[in-house]
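Undergrad: I would like the atomic coordinates for the input below:
(2 chains)
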Amino acid sequence: MTTTTTPVDNGVDVAFLQGAREMLGNEPAGAKFQWRVTNKWVRGTHSQTSTEGFFGLGEEQGRKQEFHFDGDHPEQFASEDLGATPTEIVLVALASCLTAGVATIAQNREIQLRSVTASIQGDMDVRGVLGVDSDVRNGFSNVKVTYAIDADASHEDIEALVAQSQKRSAVYDIITNPTNVTVEVA
Amino acid sequence: MKTTTTVIIGAGHAGLAMSRCLTDRSIDHVLLERGEVASSWRSRWDSLRLLTPNWQSRLPGHRYNGDDPDGFMTMPEVIRFISSYATAIDAPVETNTTVTSVRASGGPGYTVLTTEGEWRCRSVVLANGACGVPDLPALAADLPHNVRSLAAADYRNPDDLEHGGVLVVGAAATGIQLADEIHRSGRPVTLAVGGHVRTPRTYRGMDIMWWLDAAGVLDERHDEVDDVTRVRGLPSFQLIGTPARANLDLNALQAIGVQIVGKLAALRDTGAGDTTALFSGSLRNQCTLADLKLRRLLDTVDEWATAQGLDGELDEPHRPEPTRVEDDPPLSLSLASGAIKTVIWATGFRPDFSWLDVPVLDRKGLLQHDGGVTPSPGLYAMGMPFLRRRKSTLIDGAADDALELSAHLAAHLSHISSRGLQDACKPQSGRLYP
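TA: Numbering: from 1, shown residues only, chains lettered A, B, ... in the order given. Alright, predicted model coming up:
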């Protein structure tokens, strides 16, 4: 019996990433990135945010298009629901980051993905944001991500993919660890 | 000024193994030891025993020959074992001699300055140990003064601690052992858990070290692993050596009431004289990663046992229960409330090369070496994690490492001797790497 093996292709250029890892390991200054977005109030709780260029690899970087995000609150809070709630956008960021990691690590481990679906729940007690009870935190009390992954790998290998993706994820780190935040008025 | 061919810095198991191999090759050498033989083992906590069973204490030409091969040596026993080796091989140890500088001597060779005078030599072996100084995280400096800050290296027994809660930071072998002992002493322990290597003491009736040794896992070479820098930085196995061969993992600790929390992420001054310790929300994933890695290791050794036809002689394969993580592990802990009297940093060690004036340290202060061979000709390292093999971390790894590095060292010496006459006719180049 002969078998033909198709090379694993999840659309991730692992060789490039490994090269970058090596290069930036020796040139830590190039690894200093700054991400930037600009946010403008529209009306009520609705605002629009757009991405800009960023700084990295030692210089200003452009990109071929801007991305726009509408943020708002739902009608249940007497808002117009013209965009996702900011808390949903945090979940969007977490999901996008973890899924990008799953694809990258799968490529590196030579696992062909067929489908990857994640559902994410962020539990929140809104008494915090409403200032009803100072013992209730504003943010999520818990975040739960559930992946359904169809791939050429055992269940255990898939679990390992998802675990490793968390280990390497920027947004997972941002959500699970404290970050100093400075907000000032220009 | 005294001269010798090779200076070995440190007279622990690694330096002594190298001494024995150099003697076998008739290479003149001296061991410079800051304290007494086996000094690193003299400054450990009272209840500590080796993590490796007695049968695994093997050095070139010397091994445990007592009547308890499956037991675990106490520290006094380890010191006796290593000291008796020094005597048996007649090692030329200069005790109470602290090295203050090692530098290239201009020609081929090195100048070694010590508190007891100067040595000139053609080669140097750094065998001063991986556990030179406690490696505390930067945030340790933010601990409020009313909480005692104690490096695990300075801990001796629970009676040294004030009554009250203890936060143990780090869950490698040291962290889990101290958490167990201190919690049992009546001082409630919170254990901050980052990346860890879950390891059962016994599996299918045999010690885990028997499995790793027999299946060849400990012989895996530094040039065979994907990322040697990563594996050299891994925390130690979560193990304890006790006469009962007890398994000590996060489940066992939680069963006696230890509170496990995520990695210590920050100490935040919350005003009014209070400081809050913040823990990472990554605890569940850290435990999942460790459970997955453990299952993979057990799969490997099970496959090996089957291939060897040993299944009939061993207990049935099984998988340890996954690590229990409560639904909402605490993310913060107030340090001013009095609930925590002591923070113990079980965050590992780093070697002390503050006296090494040869440019072989990388940006992060780690020794650059390829299996113990540094970029500076004639300068070698011994006794570091995964130096040449996985077992280099253990006493048992010193024998193979010393055998191979002494061969390299001997070849280096004969190379510089054969060039000696030619060099004598040329002006001194002064280059560090000829």
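Undergrad: for the closest residue to chain A within the stretch 151-300 of chain B, give me its contacts.
TA: Across the stretch 151-300 of chain B, no residue is closer to chain A than B:Gly281, which sits at 3.5 Å (C-beta to the nearest C-beta). Heads up, the C-betas are built off the backbone N, CA and C, glycines and all. Counting by C-beta atoms under 8 Å, 6 or more residues apart in numbering or on different chains, B:Gly281 makes contact with A:175-177, B:262, B:331.
Undergrad: out of those residues, which are inside helices?
TA: Those of these mapping onto helices are A:175-176, per DSSP state H.
Undergrad: what's the closest of the contacts of B:Gly281 to B:Glu36?
TA: For the contacts of B:Gly281, the minimum distance to B:Glu36 (C-beta to C-beta) is 40.5 Å, reached by B:Gly262.
Undergrad: and the biggest helix by length in chain A, which residues are buried?
TA: In chain A, taking DSSP H as the definition, the longest helix is helix A:86-108. The neighbour-count check on helix A:86-108 (16 or more other C-beta atoms under 10 Å in any protein chain shown) flags A:87, A:90-91, A:93-95, A:97-108 as buried.
Undergrad: what helices or strands is that helix leaning on?
TA: Helices and strands touching helix A:86-108, by 3 or more C-beta pairs under 8 Å, 6 or more residues apart in numbering or on different chains; DSSP states H and E, are helix A:14-26, strand A:68-71, strand A:113-123, strand A:142-151, helix A:155-168, helix A:170-176.
Undergrad: ok, is the third one in contact with chain B or not?
TA: The reference is to strand A:113-123. No - Strand A:113-123 does not reach chain B (C-beta under 8 Å from any C-beta of the partner chain); its nearest approach is 10.1 Å.
Undergrad: for the last one, same thing?
TA: Yes - counting by C-beta under 8 Å from any C-beta, chain B is contacted by helix A:170-176 at A:172-173, A:175-176.
Undergrad: any of those buried? List them.
TA: A:172-173, A:175-176.
Undergrad: which among those gets closest to chain B?
TA: Nearest to chain B among these: A:Thr176, at 3.5 Å, using C-beta to the nearest C-beta.
Undergrad: residues contacting the closest one?
TA: The contact partners of A:Thr176, taken as C-beta under 8 Å, 6+ apart, are B:262, B:265, B:280-282.
Undergrad: in terms of pLDDT, where does it sit?
TA: A:Thr176 carries a pLDDT value of 96.
Undergrad: same thing with the one 5 residues further on?
TA: The model reports A:Val181 with a pLDDT of 92.
Undergrad: returning to what we had before: kindly export the longest helix of chain A (C-alpha atoms) in CSV.
TA: In CSV, the C-alpha atoms belonging to helix A:86-108 read as follows (Å, rounded to 0.1, in the frame of the first residue of the first chain):
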residue,chain,number,x,y,z
PRO,A,86,-16.3,47.0,24.7
THR,A,87,-16.3,43.9,26.9
GLU,A,88,-17.3,41.8,23.8
ILE,A,89,-14.4,43.4,22.0
VAL,A,90,-12.1,42.1,24.7
LEU,A,91,-13.5,38.6,24.1
VAL,A,92,-13.0,39.2,20.4
ALA,A,93,-9.3,40.0,21.0
LEU,A,94,-8.8,37.0,23.2
ALA,A,95,-10.5,34.6,20.7
SER,A,96,-8.5,36.0,17.8
CYS,A,97,-5.3,35.8,19.6
LEU,A,98,-5.8,32.2,20.9
THR,A,99,-7.0,31.0,17.5
ALA,A,100,-4.0,32.6,15.7
GLY,A,101,-1.8,30.8,18.2
VAL,A,102,-3.6,27.4,17.6
ALA,A,103,-3.0,27.7,13.9
THR,A,104,0.6,28.7,14.3
ILE,A,105,1.4,26.0,16.8
ALA,A,106,-0.5,23.4,14.8
GLN,A,107,1.6,24.3,11.7
ASN,A,108,4.8,24.1,13.8
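Undergrad: contact partners of that helix?
TA: With C-beta under 8 Å, 6+ apart, helix A:86-108 has contacts from A:8-12, A:14, A:17, A:69, A:71, A:84, A:112-113, A:116, A:118, A:120, A:122, A:124, A:139-140, A:143, A:145, A:147, A:149, A:151, A:153, A:161-162, A:164-166, A:168-172, A:175.
Undergrad: ok, back up a step: okay if I get the contacts of A:Thr176 as CSV plus pLDDT, distance to B:Ala86 and secondary structure?
TA: CSV is the format used below for those (pLDDT from 0 to 100; distance: C-beta to C-beta, whole Å; DSSP: H, G, I helix; E, B strand; the rest coil):
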residue, pLDDT, distance to B:Ala86, secondary structure
B:Gly262, 97, 44, strand
B:Ala265, 96, 44, strand
B:Ser280, 97, 44, coil
B:Gly281, 96, 49, coil
B:Ser282, 96, 45, coil
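Undergrad: PyMOL command to pick out the buried ones of these?
TA: Provided next is the PyMOL selection string for whichever of the contacts of A:Thr176 are buried by 16+ other C-beta under 10 Å:
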select buried, chain B and resi 262+265+280+281+282
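Undergrad: and which of the contacts of A:Thr176 is nearest A:Ser79?
TA: The shortest gap between A:Ser79 and any of the contacts of A:Thr176 belongs to B:Gly281, at 29.0 Å (C-beta to C-beta).
Undergrad: so B:Val30 sits right up against B:Glu116, yeah?
TA: No - with contact defined as C-beta atoms under 8 Å, B:Val30 does not reach B:Glu116; the gap is 11.0 Å.
Undergrad: now the closest residue to chain A within the stretch 301-434 of chain B, nearest residue through space, not along the chain?
TA: Minimum separation of the stretch 301-434 of chain B from chain A (C-beta to the nearest C-beta) falls at B:Asp328, amounting to 6.7 Å. Leaving aside its chain neighbours, B:Asp328 sits nearest to A:Asn142 (6.7 Å; criterion: C-beta to C-beta, 6 or more residues apart in numbering or on different chains).
Undergrad: domain-wise, how is the chain divided?
TA: Unless you meant another one, I'm taking chain A. As assigned by automatic domain parsing, chain A contains the domains A:12-84, A:86-186.
Undergrad: ah, I was thinking of chain B
TA: B:2-132+B:351-424, B:134-345.
Undergrad: picking up where we left off before, which members of the residues of helix A:170-176 next to chain B are the farthest-apart pair?
TA: Longest span within the residues of helix A:170-176 next to chain B, C-beta to C-beta: A:Asp173 and A:Ile175, 7.4 Å.
Undergrad: using PDB, list the CA coordinates for stretch B:358-374.
TA: Taking C-alpha atoms only, stretch B:358-374 is exported to PDB below (Å, rounded to 0.1, in the frame of the first residue of the first chain):
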ATOM      1  CA  VAL B 358      36.300  36.100  30.700                       C
ATOM      2  CA  PRO B 359      33.600  37.300  28.200                       C
ATOM      3  CA  VAL B 360      31.600  34.100  28.000                       C
ATOM      4  CA  LEU B 361      28.300  35.300  29.600                       C
ATOM      5  CA  ASP B 362      25.400  36.200  27.400                       C
ATOM      6  CA  ARG B 363      23.200  39.300  27.600                       C
ATOM      7  CA  LYS B 364      21.200  37.800  30.400                       C
ATOM      8  CA  GLY B 365      24.300  36.700  32.400                       C
ATOM      9  CA  LEU B 366      24.000  33.100  31.400                       C
ATOM     10  CA  LEU B 367      27.100  31.100  30.600                       C
ATOM     11  CA  GLN B 368      27.500  30.400  26.900                       C
ATOM     12  CA  HIS B 369      28.600  26.900  26.300                       C
ATOM     13  CA  ASP B 370      28.100  24.000  24.000                       C
ATOM     14  CA  GLY B 371      27.800  21.000  26.200                       C
ATOM     15  CA  GLY B 372      30.100  22.500  28.800                       C
ATOM     16  CA  VAL B 373      32.700  23.700  26.300                       C
ATOM     17  CA  THR B 374      32.700  27.500  26.500                       C
END
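Undergrad: list the contacts of it.
TA: Against stretch B:358-374 from outside (C-beta under 8 Å, 6+ apart): A:28, B:102-104, B:110, B:126, B:221-223, B:350-351, B:353, B:375-376, B:379-382, B:384, B:387-388, B:401, B:404-405, B:408, B:432.
Undergrad: give the buried residues for that stretch.
TA: Neighbour-count burial for stretch B:358-374 [16+ other C-beta under 10 Å]: B:358, B:360, B:366-367, B:369, B:371-374.
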